[in-house]
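Visitor: Build me a structure from this.
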Amino acid sequence: MVERDSGAQPERTALAWQRTVLSVTIGSLVLAATGVRMDTHWIAVVAVGIAAAAFLPFVFRAPQGGVPSHGRLHGWWFLVRMVVLVATLGFVGAAAVVASILRG
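Guide: Numbers count the residues shown, from 1 in each chain. Coordinates of the predicted model:
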């Protein structure tokens with residue numbers, strides 16, 4: 001069995017996921033503001049939903065006080081949720097660009 005890394009790798013991984021959550025949240029809020037300015041409210045609603053789905057579970061997660069004994073910082077559901085949110089943010093952003101171009 002491979003020994004768990006006792007160095008800084010788990011902390012760096014946790015910080016990287018925190019930056020990902022923060023980036024998705026800020027990107028979603030910028031997209032929501034863009035949707036309001038474009039008077040395309042469905043974009044704003046979806047973007048705020050993405051921001052809430054990214055940030056609220058991160059905030060309400062119980063503090064763990066370090067790396068769990070099994071060495072995984074996040075479960076599979078967290079990784080899948082973040083991938084889906086990043087992809088959805090990209091698709092909604094692309095839809096906002098197309099809507100902006102079509103409005104002329």
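Visitor: Now the strand or helix carrying Ser28: buried residues?
Guide: For Ser28, the element it lies in under DSSP states H and E is helix 9-37. Neighbour-count burial for helix 9-37 flags 10, 17, 20-21, 24-25, 27-29, 31-32, 34-35 (criterion: 16 or more other Cβ atoms under 10 Å). C-beta: built from backbone N, CA, C; applies to glycine.
Visitor: helices or strands up against it?
Guide: helix 41-60, helix 76-103 (3 or more Cβ pairs under 8 Å, 6 or more residues apart in numbering; DSSP states H and E).
Visitor: now that helix and helix 41-60, what's the angle there?
Guide: On the basis of axes from the mean of the first three to the mean of the last three Cα atoms, to 10 degrees, helix 9-37 is oriented at 150 degrees to helix 41-60.
Visitor: how distant is helix 9-37 from the center of its chain?
Guide: 5 Å (Cα atoms, centre = their mean, to the nearest Å).
Visitor: same thing with stretch 52-60?
Guide: 9 Å.
Visitor: can you list the residues that contact that stretch?
Guide: Stretch 52-60 is contacted by residues Gln18, Val21, Val24, Thr25, Ser28, Phe78, Arg81, Met82, Leu85 when judged by Cβ atoms under 8 Å, 6 or more residues apart in numbering.
Visitor: Good, wrapping up.
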